[in-house]
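Participant: Fold the following.
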Amino acid sequence: MLLRGSIVEAGVGDLRSSQILGIAKTGSERKREEMGIVAKAGDWAFKAFTAGLGVTTIYLTGTFSLNVYRGIAWHKAQPN
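Facilitator: Here you go, the predicted structure:
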C-alpha cells in the first residue's frame with residue numbers, strides 16, 4: 001500500500017522531504033517562497049561577497065606563506 005505523497009508516488013524525487021511526507025513547511029521554506037526579487041538579489045549579493053572574502057583569504061594566505069619562505073631564504077643567503 002502506498003501512502004499519498006510517498007517517494008514512489010512522487011517519482012523523480014526532486015521534492016523536499018517535507019513535501020514528500022506531507023509535513024507542514026518550515027518557516028524558512030515559506031519565507032524563501034515569498035521572497036521578492038530584491039530580497040533574492042540581496043541574497044545573491046551576500047553570497048558573492050562572502051565568496052569573494054573566501055577567495056581573498058586564500059590568496060592572502062598563499063602570498064604571505066610565499067613571502068615568509070622568500071624572507072627565510074634571503075636571510076640564509078646573507079653573509080655572517
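
Participant: which secondary structure element contains Tyr69?
Facilitator: Using DSSP states H and E, Tyr69 falls within helix 37-77.

Participant: distance of Thr57 from Thr63?
Facilitator: Distance of Thr57 to Thr63, computed by C-beta to C-beta, to the nearest Å: 11 Å. C-betas here are computed from N, CA, C, even on glycine.

Participant: go on, Ser28?
Facilitator: 38 Å.

Participant: Can you get me a residue count around Val38?
Facilitator: For Val38, the count of nearby residues is 8 (other C-beta atoms under 10 Å).

Participant: which residues touch it?
Facilitator: By C-beta atoms under 8 Å, 6 or more residues apart in numbering, the contact set of Val38 is empty.

Participant: what's the spacing between it and Ala48?
Facilitator: Following C-beta to C-beta, the distance that separates Val38 from Ala48 is 15 Å.

Participant: How about Gly71?
Facilitator: 34 Å.

Participant: Check Ser65 too.
Facilitator: Counting by C-beta to C-beta - Ser65 and Ala48 are separated by 26 Å.

Participant: now swap in Ile23 and tell me
Facilitator: Going from Ile23 to Ala48 by C-beta to C-beta gives 33 Å.

Participant: Then Ala73?
Facilitator: Going from Ala73 to Ala48 by C-beta to C-beta gives 37 Å.

Participant: One more: Lys76?
Facilitator: For Lys76, the distance to Ala48 equals 42 Å [C-beta to C-beta].
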